[in-house]
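Enquirer: Turn this into a model:
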Amino acid sequence: MTGLAGGENTGLRADSVLASCLDSAIVPHFDDTRGDGSGQWPSGVASGFINFQVDDDGQPVAFQFSPPLSSGFTSLPIAIGRLA
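Expert: Numbers count the residues shown, from 1 in each chain. I've put the predicted structure just below:
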């Protein structure tokens with residue numbers, strides 16, 4: 001079974017992959033487009049990345065919703081889908 005990102009390591013750590021997301025979460029993601037800078041808004045729909053920890057088969061087992069990397073991973077049931 002192919003993991004996220006085709007099984008390639010694209011994450012912020014050796015055992016993780018990044019998945020892009022679009023949402024209106026209160027907490028910003030990694031590389032979130034929301035902000036206080038010019039042309040940015042502090043809330044609303046934005047894009048960013050969630051960092052998933054993966055097992056040896058590339059399947060997600062935990063996630064980091066937002067920085068910092070030192071925040072650790074959260075282990076909860078994970079369901080991932082894609083619109084085609």
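Enquirer: and the helix-or-strand element of the chain with minimal mean pLDDT, which strands flank it?
Expert: Ranked by mean pLDDT, DSSP states H and E, the weakest helix or strand in the chain is strand 16-23, scoring a mean of 85. Strand 16-23 sits in its sheet next to strand 46-54 (antiparallel), going by DSSP bridges.
Enquirer: How far does the partner strand sit from its chain's centre?
Expert: The chain centroid and the centroid of strand 46-54 are separated by 1 Å under CA atoms, centre = their mean, to the nearest Å.
Enquirer: Tell me the buried residues in it?
Expert: Neighbour counts over strand 46-54 (16 or more other CB atoms under 10 Å) mark 46, 48-54 as buried. No exception for glycine: its C-beta is placed from N, CA and C like everyone else's.
Enquirer: now this structure, which segments are flagged as low pLDDT?
Expert: The chain contains residues with pLDDT under 70 at 1-12.
Enquirer: Centre-most residue in it?
Expert: residue 50 (0.6 Å; CA atoms, centre = their mean).
Enquirer: Pretty sure it sits against residue 65.
Expert: Yes: counting by CB atoms under 8 Å, residue 65 is a contact partner of residue 50 at 6.0 Å.
Enquirer: Name the residues contacting each of these two.
Expert: Residues touching both residue 50 and residue 65 (CB atoms under 8 Å, 6 or more residues apart in numbering): residue 29.
Enquirer: ok, back up a step: let me have the buried residues of strand 46-54 in TSV, adding distance to residue 40 as columns.
Expert: Shown next, in TSV, are these (distance: CB to CB, whole Å):
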residue	distance to residue 40
46	9
48	12
49	17
50	20
51	22
52	26
53	29
54	31
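Enquirer: Now flag whichever of these is closest to residue 32.
Expert: Nearest to residue 32 among those is residue 48, at 3.8 Å by CB to CB.
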